[in-house]
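J.: next one to model:
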Amino acid sequence: MKYRPEIDGLRAVAVVPVILFHAGFSIFSGGFVGVDIFFVISGYLITTIIMSELEAGTFSLLRFYERRARRILPALFLVVLCCLLPAWVFLTPLHMQDFAQSLVAVTLFSSNILFWQESGYFNQAAELKPLLHTWSLAVEEQYYILFPLFLMMMWRWGRKLTLDTLVVVFILSLGAAHWSAYFVPKAAFFLLPMRAWELLLGVFCAFYLDKRGGASQRRFAGGLSALGLVFILVAVFVFDRSTPTPSLYTLLPTVGAVLIILFSAKGTLSFRVLSHRIVVGIGLVSYSAYLWHQPLLVFMRHARFNADLPLFWSGLAIAITMVLSALSWKYIEAPFRNSQLVGRRSVFVLSTVFAALIFCTGFFGVLSDGYMQRVAKNSLAGDVGNYDFYQYVDGHYPDCQPDSVALNAHVWKGFLRCNQSRPGTPDIVLLGDSHAEHLFVGVAEALPDLNVGYYIKFAMPYLDEPSFRPVFDELLSNDKKQIVLLTIAYVRWIQEGEQEAFYKELKKTVSALIAAHKQVVLVGDVPRYAGWPEACIYKMPVSLKASSSVCSMSLVKARRQQAVYGDVLTRLSEEFGLEYITLERTVCDDRACHMFNDQFVLYRDFSHLNVPGSRLAGRYVVESSALLRRFMRKKGREVGGP
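T.: Next comes the predicted model:
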């Protein structure tokens, strides 16, 4: 296969935005599309190699897997092994157990399946997983297992039938990806069937260029390849976490990569840019850079007990990434790809030994609850993981009703979530995002004779929000007198200067609910911290910040957070005569706010309450609301209460 320096340049264009996106540079809001570009490149290169050998009659499955092992495993295993010491030092048991699971998954080429079952790629929890980025390697490894076998089987029937079959698979995969991006977004992001179409774009490039004999040098080639660069840059700077991915939107960066692969010939602007020696140099070490950057960023976050990295720390992580990338490329990648230096037997033996070592380390980490013996624990109790909270809710309460909402909640899984304390139409509805959900246990237990339910989405509870439509259709159409508690993670959604827009949209929602004879209560939010609650429980061997600074904040700082939304809620409460309940007193004293009280940790992450926290805040909401107290007594008699 003829070397094309611009393909290495394209690798650089892919890896740099990914690194900057993970480092928290908001201008690169769509930097995650770099992975989509890598898939296209991989599909093109692998298919080109396999096709040339099939046509020459020299293709060997064993030799193919040997090349893949040489390319992927040495640098991967080096990075994973280098993660073990900082994981031991910095990770709390909960995070260490997650890390141990990912060690097992890496050796089984199933990281994407593990992370699909856990938190989503864009969740805050994902920023604390050192090996999250190995999901894309797992997708490629699964592709490497299946695709050569497919080509070997189909090649005897001719190129046309092979290509026609791949076109059908492409259409099905793209359609499944677009649908899944809206309805089951985690599956869409992580699983091979919804990513296959991106790899197949590269496959089609290989078929096309094999027939033509190389990149097109027609007069329009320069414009098309330049357009490809524009497509990629638009996606990098315009896409963000809310962009459905992968979906039809993802055609923008992937088709951009296709245009570069097909038309970036010598003499074109794109070729001159992408074949520049600095760009090519970054592309050559792009695989190592991709491997190193995520663990470095994540361990810095853990060391600081803070998911947000200041510019200095992000820049330091990037600088170290590039140094380590150059070293691992020179001393690990390049030697292992040279069969004269490292023989086939050595490759397979070393791969097996190190895979077994990593697997066993992960396996025993899972069995020991994240090597719990490493750390000292204080007397505080509490659930400090989302899993415990959701297991409690799902284990104690029935699915949401009525059927219209339940059906749509099932269809919109990942977007709309609902639950309730008993069957039937709820008397009390918590409406908003996950910060409405985390009050559910406390409100339901404080009102045992009533049916309390929540309908939440990762969005603002606006009347015009499409995915909230089934909820509002139900609330506005039924004639039951219900109380609706409105609350969200205000600090997350409302930026400085957006208060007026927030007021107008929330006013529209409140007006519609009141017109439908619902009684609305506005509920504030608990403080949002920079760190996570494990710091309140475990005394880590090493940290760059005292746990006390993570588990508490001054009352002044908490009130600055409340100022982002407090004036709007006060204004609406006065305008409509509504109750507005602040949650400050649930976790704050006269001087500071805390993630814990005398007995329990109250948070399960940086801003969500756990079960003890929900009980504390939920009961406070009920006791602070004259409307809820009166409603409880009245409805209690109707449903057979005291």
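
J.: per-residue confidence at residue 302?
T.: According to the model's per-residue confidence, residue 302 sits at a pLDDT of 85.

J.: measure it to residue 368 for me?
T.: For residue 302, the distance to residue 368 (CB to CB, to the nearest Å) stands at 19 Å. Placement of C-beta: from N, CA and C, glycine included.

J.: same drill for the two, tell me which one is more crowded.
T.: Taking neighbours as other CB atoms under 10 Å, residue 302 and residue 368 compare with residue 302 leading, 28 against 15.

J.: mind listing what that one touches?
T.: The contact partners of residue 302, taken as CB atoms under 8 Å, 6 or more residues apart in numbering, are 86, 90, 91, 92, 95, 128.

J.: quick one: contacts for the fourth one?
T.: Read that as residue 92. If you count contacts by CB under 8 Å, 6+ apart, then residue 92 has 302, 370, 375, 532, 534, 535, 537, 538, 540 around it.

J.: now, the residues you listed that are in strands?
T.: Counting by DSSP state E, the members of those that fall within strands are residue 538.

J.: show me which of the contacts of residue 92 are buried.
T.: By the neighbour-count criterion of 16 or more other CB atoms under 10 Å, the contacts of residue 92 include these buried positions: 302, 370, 375, 532, 534, 535, 537, 538, 540.

J.: the closest residue to residue 82 other than its chain neighbours is in what secondary structure piece?
T.: With CB to CB, 6 or more residues apart in numbering as the criterion, residue 82 has its nearest non-adjacent residue at 7.5 Å, and that residue is residue 295. Per DSSP states H and E: residue 295 is located in helix 286-303.

J.: got the CA positions of that helix in PDB?
T.: C-alpha atoms of helix 286-303 as PDB (Å, rounded to 0.1, in the frame of the first residue of the first chain):
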ATOM      1  CA  SER A 286      -2.000  10.100  17.200                       C
ATOM      2  CA  TYR A 287      -2.700   6.600  18.500                       C
ATOM      3  CA  SER A 288      -0.400   7.000  21.500                       C
ATOM      4  CA  ALA A 289      -1.700  10.500  22.100                       C
ATOM      5  CA  TYR A 290      -5.300   9.100  22.100                       C
ATOM      6  CA  LEU A 291      -4.300   6.500  24.600                       C
ATOM      7  CA  TRP A 292      -2.400   8.700  27.000                       C
ATOM      8  CA  HIS A 293      -4.600  11.800  27.200                       C
ATOM      9  CA  GLN A 294      -7.700  10.400  28.900                       C
ATOM     10  CA  PRO A 295      -5.900   8.800  31.900                       C
ATOM     11  CA  LEU A 296      -3.700  11.900  32.500                       C
ATOM     12  CA  LEU A 297      -6.800  14.200  32.500                       C
ATOM     13  CA  VAL A 298      -8.800  11.800  34.700                       C
ATOM     14  CA  PHE A 299      -6.100  11.200  37.300                       C
ATOM     15  CA  MET A 300      -5.500  14.900  37.600                       C
ATOM     16  CA  ARG A 301      -9.300  15.300  38.300                       C
ATOM     17  CA  HIS A 302      -9.200  12.600  40.900                       C
ATOM     18  CA  ALA A 303      -6.000  14.000  42.600                       C
END
